[in-house]
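J.: sequence-free structure coming up:
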Ligand SMILES: Nc1ncnc2c1ncn2[C@@H]1O[C@H](COP(=O)(O)OP(=O)(O)O)[C@@H](O)[C@H]1O
Ligand SMILES: O=C(O)[C@@H](O)C(=O)COP(=O)(O)O
């Protein structure tokens, strides 16, 4: 295995796995640390999906090290730590603490951090992260339910999370290509920085960074910066990139959308689905906390819906509603109640004949997929940048599209089904 990857949430893991598969690496995604009996021998890359983005830093470190240990045992030559393209984190972590721990694990003293993903509107310029041209702290990420991002300067954001020294490799070096980037890494290392934020404005920047960084023991970033790695690894083996396919074989059965993301893209997708007349049930964390709505109520509702076409169960709400629920229940508790309810609903789905699922939201996908008893995923066709169809490799036979909160076009919940055969 060339590349062992550790992703801090499930949708982030599928995003990265899609990037690596699309660029020509045979890629398997595992849900949590791979089971000892899972055969990973045919994979060039394995992406371990954790749910460590918002847990305590010490716990995130422990889980990430367990994943790293398992990847190393399975032959991984390099590690990649995947976090969100909007750098979702708090001053306590977990990007800084996990990077520190993985640097120590790989016995190395230098890495980079680059969340840029231009295909989804994320660019880094002079260390500042922009989302569709808007500085991160002015984008909708300022209102994220769990990780509100209020500073766009990633050198500053990351420095607050780590005792390692954080530097910057700006776009002039990146624009000048892989050799200049390698020199810039050496220059920053010589002045005492152990992590550098790297600028990237377009895919050719990402490919150049990939070529410059492919030999580092540890790399960190969004899926974008992994774009250049497969070419670097394939070159060394003289292999071609595979051609992409647009259809995906899925098990027969009913379809459902579970949306726990409150990100602005998901809000638009829920609205488009409601406007299109998809049968829908809204969950409010306050009703769940009071018992006015339970997983069983939702399942009873589902049982009364037509079996043709997808149904939608969503807790997606605007920032004012989220704020109101959080001030009543607490930020983390409001999130947990929704996640636990969607997980309870998910557990019952295979027995009810639901085999095709779209799940919106990273934390939400973590909760739902853990409940579905799925260990590993094969990566299929790309629905939108960063979101593939996937199929479970063991256990319940399911087609799953795990959609990052802010990814996908407004009609995502309508069009994704058309790719299934
Ligand atoms: N109406 C709501 N009020 C408060 N929190 C909510 C609500 N709906 C969902 N949540 C929580 O918000 C979090 C959204 O995170 P996530 O699923 O990762 O979405 P995204 O991918 O958009 O970040 C989850 O913990 C979810 O349970
Ligand atoms: O890098 C990204 O933006 C995604 O892969 C990702 O991690 C998204 O996380 P959520 O928005 O929590 O789904």
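T.: Arrived safely, thanks for sending. Since we're looking at a predicted model, the values are computed, not measured. Ligands and ions are numbered 1, 2, ... in the order given.

J.: how is the chain partitioned into domains?
T.: Split into domains by automatic domain parsing, the chain comes to 3-237, 254-419.

J.: nearest to residue 248, of these?
T.: Nearest to residue 248, of all the domains of the chain, is domain 254-419, at 4.0 Å by Cβ to Cβ. From N, CA and C alone the C-beta is placed, and that goes for glycine too.

J.: can you give the distance of the closest one from its chain's centre?
T.: How far domain 254-419 lies from its chain's middle: 15 Å, per Cα atoms, centre = their mean, to the nearest Å.

J.: neighbours of residue 112, how many?
T.: Using other Cβ atoms under 10 Å, residue 112 is surrounded by 25 other residues.

J.: please name the strands paired to the helix or strand hosting it in the sheet, noting orientation.
T.: Residue 112 belongs to strand 111-114 when assigned by DSSP states H and E. Strand pairing for strand 111-114, determined by DSSP bridges: strand 195-198 (parallel), strand 218-221 (parallel).

J.: and the helix or strand following the last one, what does it pack against?
T.: Beyond strand 218-221 on the C-terminal side, the first helix or strand identified by DSSP H and E is helix 229-237. Taking 3 or more Cβ pairs under 8 Å, 6 or more residues apart in numbering; DSSP states H and E as the contact definition, the neighbouring helices and strands of helix 229-237 are helix 203-213.

J.: what's the angle between the helix it packs on and helix 229-237?
T.: Relative orientation of helix 203-213 versus helix 229-237 (axes from the mean of the first three to the mean of the last three Cα atoms, to 10 degrees): 50 degrees.

J.: would the strand holding residue 112 count as contacting ligand 2?
T.: No - using Cβ under 6 Å from any ligand atom, we find that strand 111-114 stays clear of ligand 2, coming within 11.2 Å at best.

J.: what's in contact with that strand?
T.: When contacts are defined by Cβ atoms under 8 Å, 6 or more residues apart in numbering, strand 111-114 is touched by residues 95, 99, 103, 124, 154, 158, 166, 169, 185, 194-200, 206, 209, 213, 216, 218-222, 224-225.

J.: list the contacts of the residue of the stretch 51-200 of the chain found nearest ligand 1.
T.: At 3.7 Å from ligand 1, residue 145 is the closest residue in the stretch 51-200 of the chain, using Cβ to the nearest ligand atom. Residues in contact with residue 145 (Cβ under 8 Å, 6+ apart) are 262, 322, 326, 331, 334-335.

J.: mean pLDDT and distance to residue 248 added to the domains of the chain, as JSON lines?
T.: Listed next are these as JSON lines, based on pLDDT from 0 to 100; distance: least, Cβ to Cβ, whole Å:
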{"stretch": "domain 3-237", "mean pLDDT": "96", "distance to residue 248": "12"}
{"stretch": "domain 254-419", "mean pLDDT": "96", "distance to residue 248": "4"}
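
J.: quick one: those as CSV, columns for distance to residue 247 too.
T.: Output for those, formatted as CSV (distance: least, Cβ to Cβ, whole Å):
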stretch, distance to residue 247
domain 3-237, 15
domain 254-419, 6
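
J.: just the buried positions in the top strand by length along the chain, please.
T.: Taking DSSP state E as the criterion, the chain has its longest strand at strand 376-384. By 16 or more other Cβ atoms under 10 Å, the buried positions in strand 376-384 come out as 376-384.

J.: which other helices and strands does the helix or strand just after it contact?
T.: Moving toward the C-terminus from strand 376-384, the next helix or strand (DSSP H and E) is strand 387-392. Applying 3+ Cβ pairs under 8 Å, 6+ apart, we find strand 387-392 packed against helix 10-22, strand 376-384, strand 399-403.

J.: right, and the ones you listed - which one's nearest ligand 2?
T.: The closest of the helices and strands packed on strand 387-392 to ligand 2 is helix 10-22. By Cβ to the nearest ligand atom, the value is 2.9 Å.

J.: how many neighbours does residue 148 have?
T.: 14.

J.: do I have it right that it meets residue 142?
T.: Yes - at 5.7 Å, residue 148 and residue 142 qualify as touching, with contact defined as Cβ atoms under 8 Å.

J.: out of the contacts of residue 145, which are close to ligand 1?
T.: Counting by Cβ under 6 Å from any ligand atom, 262, 322, 326, 334-335 from these sit close to ligand 1.

J.: and which of those residues is nearest to ligand 2?
T.: Ranked by distance to ligand 2 (Cβ to the nearest ligand atom), the ones next to ligand 1 among the contacts of residue 145 are led by residue 262 at 10.1 Å.

J.: using the three-state scheme, assign the closest one.
T.: Under DSSP: H, G, I helix; E, B strand; the rest coil, the three-state class of residue 262 is coil.

J.: would you check that it makes contact with residue 323?
T.: No - look at residue 262 against residue 323 with Cβ under 8 Å: they stay out of range, at 10.4 Å.
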